[in-house]
Structures are given as structure tokens and as C-alpha cells.
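>>> below are the sequence and a predicted model; questions follow.
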Amino acid sequence: MKLDLRKLKLRKINETLQSIDPKRNNKKYTILNPEGNHAIGVGLTDDIDITVKGHVGYYCGGMNQNANITIEGNAGTGVAENMMSGKIHVKGNASQSAGATAHGGFLIIDGDASSRCGISMKGIDIVVKGSVGHMSAFMAQSGNLIVCGNAGEALGDSLYETDIYIKGKVKSLGADCVEKKMDNKHLKKLDKLLKKANLEKLKSKDFKRYGSARKLYNFKIDNVSSY
Amino acid sequence: MCGIVGIYLKSKKFEKDLGKMLSGMLVNMESRGPDSAGFAIYKKEKKEEFKYSICMNNLVFEKFKKDISKKIKYNSIFKNSDHAILSSKEKPEKVLSILNELKEISLVGYGRSIEIFKQIGNPKDVVKKFNLEKFSGTHAIGHTRMATESAITTDGSHPYSTGSDECLVHNGSLSNHNNLRRDLIKRGINFKSENDTEVAAGYISNHLSNKKNLKKTLQSGLSDLDGFYTFITGTKKGFAIVRDEIACKPAVISETKDYVAIASEFQAMAHLPGVNKANIFEPEPGIVYTWGN
């Protein structure tokens, strides 16, 4: 079923997608002429496939549960923000705060993601085929951030328990983020996630793992400058 | 929040459509700034002539024309809504001192090719009022304002111009503008408002007048201007964008073989010809991007 944003109001399209009757309704939708509009396909709860033909604005697929969204273009700030489950695939680049605060699901970005990718992520798996900007995985709590390119300044600043895997160079690590040993358990997990993103060609051993040094968990006067 | 937009034409193909392209961009950025709007457009220059963009406020055009003809020898004067464009071959210093003494009007910019129009109100109404769609030119910059830092007035609207053929629009806020303003006043820059962006414009004018090029000027601005900003700035032949190192304020660039378009959000340029095949990217924090010279 085709939904054209030049003909229908965004609210109408989102209402249609949010109130699917799985027995009667179509499960495949194409959104035409997104033209950078914000909040396309937010708050979806059903297992449906959505293809967006073009570039989207802010918060596309925000709060997603179960839906499988493919964006055939670039995404603005906060794509997949607070996603709970399901999958979002950005075929172009993503702007800042991709996957912010997301609890679950899978986000794949074919291009680059700019600053603060995975900020405060709480369980989502993010695979970026390009590079990420500064302050990525800031205060990230759980889940996995995989970057096939490079990472900008202050990667993983004030990190909790997210695992970060970077193939390229890291400009600098944030406070309390350190490189960690990659053991078999991590290699296996990374292989699985790379396969899920159709990146079987990449070798998990070429990645480096970063995580929390856990030194900022409790207040220590010696660390005062890092808080 | 504010919306900033700009287009720099790399070929002559869209010169006649420049106003129309910019108009759509400003209207699409209404959601980021409904309080006031403005634009600067660079047209072909006429030999030896300087153009002065004047907001007449409540003054009647005929009266302004009569008054000014006693003081300045001008070649032409055109009315566009509550603005007027005056062209003169007289020395700019003389014309500027006369215009700056007239309390009823505001001089919003001057130069050989620049024309500036700005006014309070919804961007849709502002572009209609000045008939922006009919403008042609080589490059243009616009702004939609959500006022946070100073009052909603014409003087508080962007673009700001503090030097010949220069203009600046800004999304963000500066925190060290009072200190910088005091310093720049000592260096001979005049300010008309309490606005932070005008200080950044003055900073750029000051550096450009000291023979620094646009790129170097903006690079030094990265350490001298404290605060949040995405700036788009124009000179007679140049066009540039810079974001502060933290880069909280958004920007997207679309580049084709015919033009470079910059906006706070992609939706501002979704209507531009060939934009879906353009190279679309986000300018990186702390990097100065320039076109022209």
C-alpha cells in the first residue's frame, strides 16, 4: 500500500500505521515523498514492513516496536530514537543522536552517522557501516555499537555497560572509556551481529572493543574533574 | 531555535530562479522561526555604484525620497514594501554618515551587489511582502527567527551586515558577545542593536578589513566566538558555513554541479531542482566550508 506525503497529512499516515489490524490490513507499506518531514513512522507497534522512498527529517521510527522500516535516503536527528524492538535500516547517512536512548531492536546505517550516535542507548544494537561523529555512545548503558569506519572525539564518554566495537581509528576516548580485551565470547557476538547486518565479509578480529573502566560508577574525589 | 538557509550558484543556470528557490527554503523553515524573517541577495553590480538597503519603518516613501534627495545625489531609488534600495555613486563614507544620522530609518546593509530585506512577522508573509520570488542573483542567504536573546524587532532580525557586501545569519547564541562588542567598538565597528549575532558579523567585518580571507576569518572565529552556532555568511563573491565544535545546531548541505544549498534541516530544500541526486552531507563540527572567494 502506498502512502504519499504530498497527498496525505503526516498525522493521517502515522495513524494508519499505528492502528493495523493484522488479520485484515496489508503488512507492506511504501511512504512516498517524505521530503525531510519529521516524525515519520513513529510509535509503531505492529510487525509491518515500511519502505520510505527518500530523505526523512527528525525522529523517524522513534519509539518503534516490531516494525521493520527501511529509509531509502538520509535520516535527520534522532532516527530510531527510543526504539524498543524491530529494525530500522538507513540506506544513506544519519544525522546526530541516531538510536538515542533506544532500549532494543536493530539499527543499521549504511553511510555515516554524525555526532552522539547511540547516546544513552539502553539495549539496542547499532551497526554503522561508515563512521560516527564525536561523543558517540555518550552515557550508553547497554547494547552494542558497531562502527566499521572511524569514531570521532570522546567516544563512549561516561559509559556504563554498552560494548563498542570499532574497526577504524578512534580520534579520542571519553572519560572512563577504555580499550578492552576481545575474547571468544565477544568475537562470537560480533560475528553474529555482523551477519545480521549482511556484513559477513568483515572479520570480527579486525575490530577493537571498548567499554567502561567502571571508575566513575561511584564518586571519588580524585576523579572530580571527570564528572 | 532559528532557521538558516543559503544558496550559492556554481553555474548561471538558476540565476533567474534564485529568489524562488530561497523563498521556498524560508517558508519551509517557518517551523524553526515564526517571529521574523530576512534575506540578503547578491545581484550583478553596477560600475561605481553602491547600493544601500534601507528599512523606512513608518516613514512614507515619498517623504523619505524628498528628504534624501536634498542630502544625497543618487542614481536611483526603489521602494519595496517598507524597504528602499538607494543607488549612488557618491563615496560610501559620506552616504553612510548621512543615513546613520536619520533616526526614522534603519540602514540594514550596503555594498556593490548586496540587497537586504528583513522584517518582523511570519516568513511566509515576509517573503510575499518583499516579492522574493521575483529576485535573481548569484547567491543568497536567509533566516527565520525564533527570538531568544533580544526583542522581536527589525533591528533584531537577521541577516546582519556590518561591512560592504557582507552578511551573516546565525542559529544559536553567543555567550561572550558583550566583551567582544566592547573590543570591536574600540576597533571602529558600529553596532545598531544589543544582538549577539551582530557582534559576530562585526567580528567578521573587522577581520576581513584586515585583509584576512573568509576562511581564515571564520577559523579564527572558532576560538574567539564562544557559544553555540551555525553561521552562514556571504561576501560579494564568497559563501561559507561553519559550526562550533560541539555542533548542537544543525546544518545540512546539498551540492550539485549547479548549486550549493545549506539549511538547518533537509525539509527546507526538498523542493530544490535535482536535490534528490545531490551530494547531501552534514558539515563537520569546527570545519569551515567555503565556496567562491
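Nice, I can see it.
>>> is the spatially most central residue of chain A in a helix, a strand, or coil?
What sits nearest the mean C-alpha location of chain A, by CA atoms, centre = their mean, is A:G99, with 3.5 Å. In terms of secondary structure, A:G99 is coil; the call rests on DSSP: H, G, I helix; E, B strand; the rest coil.
>>> give me the pLDDT for it.
On pLDDT, A:G99 comes in at 98.
>>> measure it to A:T30 for me?
24 Å (CB to CB, to the nearest Å). (Each C-beta comes from the backbone N, C-alpha and C, glycine too.)
>>> residues contacting the residue of the stretch 151-293 of chain B found nearest chain A?
Checking the stretch 151-293 of chain B residue by residue against chain A with CB to the nearest CB singles out B:Q267 as nearest, at 3.2 Å. With contact set as CB atoms under 8 Å, 6 or more residues apart in numbering or on different chains, B:Q267 has these partners: A:E35, A:G36, A:N37, A:H38, A:G57, B:N28.
>>> tell me the pLDDT at it?
Each residue has a pLDDT score; the one for B:Q267 is 96.
>>> cool, and A:P34?
Among the per-residue scores, A:P34 holds a pLDDT of 97.
>>> could you name the helices and strands sitting against the helix or strand where B:I253 lies?
Secondary-structure element containing B:I253, defined by DSSP states H and E: strand B:252-255. Applying 3 or more CB pairs under 8 Å, 6 or more residues apart in numbering or on different chains; DSSP states H and E, one finds that strand B:252-255 makes contact with strand B:259-263, strand B:279-281.
>>> most tightly packed of these?
Greatest average neighbour count among the helices and strands packed on strand B:252-255 goes to strand B:259-263 (a mean of 25), per mean count of other CB atoms under 10 Å in any protein chain shown.
>>> who's in contact with residue 86?
You didn't say which chain, so I picked chain A. When contacts are counted by CB under 8 Å, 6+ apart, A:G86 is found next to A:L44, A:D47, A:G61, A:N64, A:Q65, A:N66, A:A67, A:N68, A:I69, A:G105, A:F106.
>>> try chain B instead
Residues near B:L86 by CB under 8 Å, 6+ apart: B:K51, B:Y52, B:I54, B:I68, B:I72, B:Y74, B:S76, B:I77, B:V95.
>>> neighbour-wise, give me the winner out of those.
Using other CB atoms under 10 Å in any protein chain shown as the neighbour criterion, B:Y52 leads the contacts of B:L86 with 27 neighbours.
>>> leaving out the residues flanking it, which one is nearest to A:M1?
A:N26 (4.5 Å; CB to CB, 6 or more residues apart in numbering or on different chains).
>>> quick one: that neighbour and A:L17, what's the gap?
Using CB to CB, one obtains 11 Å as the distance from A:N26 to A:L17.
>>> now swap in B:L222 and tell me
Here B:L222 is placed at a distance of 43 Å from A:L17 (CB to CB).
>>> returning to what we had before: give me the buried subset of the contacts of A:G86.
For the contacts of A:G86, a neighbour count by 16 or more other CB atoms under 10 Å in any protein chain shown gives the buried set as A:L44, A:G61, A:N64, A:Q65, A:A67, A:N68, A:I69, A:G105, A:F106.
>>> wait, the fifth one sits on A:G61?
Yes - counting by CB atoms under 8 Å, a contact exists between A:A67 and A:G61, whose distance comes to 7.3 Å.
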